[in-house]
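Undergrad: 3D, please:
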Amino acid sequence: MDYPFHDRDILVTACGRICMMRKKINVSSVLAGHRLGIKEVDDGIWLVSFML
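TA: Here you go, the predicted structure:
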C-alpha cells in the first residue's frame, strides 16, 4: 500500500501496536502486519488511515 498524501507509512506490529517517537500506541491486532498512513494535522494530533 502507498499513502501519497500522508507524512509516512508505518507497520503495525504482531501485537497490534505502532511505534513512533519512542511511544507505543495500541491500534488493533486485526491490523497486524499491515501498513498504515500517518499524517500530523496539528501539534501532537495524528491522522491515521488504513486500506485493506
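Undergrad: for the residue most central in space within the chain, give the beta-bridge partners.
TA: Nearest residue to the geometric centre of the chain (C-alpha atoms, centre = their mean): residue 36, 4.1 Å. Going by DSSP bridges, residue 36 is paired in beta bridges with residue 10.
Undergrad: dihedrals phi and psi, the residue sitting furthest away from the middle of the chain?
TA: Farthest-out residue of the chain from its mean C-alpha position, per C-alpha atoms, centre = their mean: residue 43, at 16.5 Å. For residue 43, the backbone dihedrals (degrees, to the nearest 10) come out as phi -60, psi 110.
Undergrad: residue 6 contacts residue 51, correct?
TA: No - applying C-beta atoms under 8 Å as the test, residue 6 and residue 51 come out as separate, 11.3 Å apart. Every C-beta, even on glycine, is put in place using the N, C-alpha and C of the backbone.
Undergrad: the residue nearest to the centre of the chain: what's it in contact with?
TA: Going by C-beta atoms under 8 Å, 6 or more residues apart in numbering, residue 36 touches 3, 9-12, 18, 27, 48-50.
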